[in-house]
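*Asks:* Dropping a prediction and its sequence here:
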Amino acid sequence: MELPNGQLKRGKGLQDVKKPTNFRSVYLPVVRDNVSEILQVFDAADPSLIMSKRDVTTVPTQALFLMNSPFVLKQSEQLAKRILEPKGVDPAARIDLAYRLALGRVANEHERSDITRYLAEYRRSLDAANFKGNTNLACWSSVCQTLFASGEFRYVY
């Protein structure tokens, strides 16, 4: 639902409150009748009620959102570019960097092995499909999106 810019108090409009940004935040301005899609998917508390504790949920719609959201796809590509930026780095170090940036830890040996195999298989499938774009970026973007869609990324244990 789009609200006209002048409907909020103190001269602030909805566009002033919902400025696009790439930063994470603990505190976000919320308009009661216009809660963002991502907050709804991740079960944000109803802003018109007093909530003493947030429900803890990890549901399939959250993973689907992280798999299909244009925002997440863009962030996956941005993270992949950051991982590919350093030159002369071996794939295992790139995998560790991806894990460190997305999950706050390095990958274990099993995860490194799985990601290495996945990158090779995905690269072969792109080559077989005569993919015209940057194959390396596409492969790493897919890895980053997988990390973002993981339960470990969605839920703080």
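*Replies:* That came through, no problem.

*Asks:* C-alpha from now on. contacts and neighbour counts both.
*Replies:* Fine.

*Asks:* where are the low-confidence patches of the protein?
*Replies:* Where the chain drops to pLDDT under 70, the residues are 1-34, 54-58, 156-157.

*Asks:* in the longest helix along it, what counts as buried?
*Replies:* Looking across the chain with DSSP state H, the single longest helix is helix 109-128. Buried residues in helix 109-128, counting neighbours by 16 or more other CA atoms under 10 Å, are found at 112, 115-116, 118-119, 122-123, 126.

*Asks:* Remind me what that helix packs against, helices and strands.
*Replies:* When contacts are defined as 3 or more CA pairs under 8 Å, 6 or more residues apart in numbering; DSSP states H and E, helix 109-128 sits against helix 91-103, helix 135-149.

*Asks:* Among the ones you listed, which comes closest to F71?
*Replies:* Nearest to F71 among those is helix 135-149; the distance by CA to CA comes to 10.8 Å.

*Asks:* what comes up buried for that closest one?
*Replies:* For helix 135-149, burial by neighbour count (16+ other CA under 10 Å) applies to 137-145, 147-149.

*Asks:* wait, which of the buried residues of helix 109-128 is closest to V106?
*Replies:* Looking across the buried residues of helix 109-128 and measuring by CA to CA, the closest to V106 is R112, at 9.4 Å.

*Asks:* elements contacting the helix or strand containing R82?
*Replies:* Assigned by DSSP states H and E, R82 belongs to helix 70-84. Secondary-structure packing of helix 70-84 (3+ CA pairs under 8 Å, 6+ apart): helix 91-103, helix 135-149.

*Asks:* what comes into contact with the last one?
*Replies:* Read it as helix 135-149. 63, 66-67, 72-73, 76-81, 84, 98-99, 102-103, 115, 119, 122-123, 126, 153-154 (CA atoms under 8 Å, 6 or more residues apart in numbering).

*Asks:* what angle do that helix and helix 91-103 make?
*Replies:* 40 degrees (axes from the mean of the first three to the mean of the last three CA atoms, to 10 degrees).

*Asks:* chain center to stretch 110-122: distance?
*Replies:* 20 Å (CA atoms, centre = their mean, to the nearest Å).
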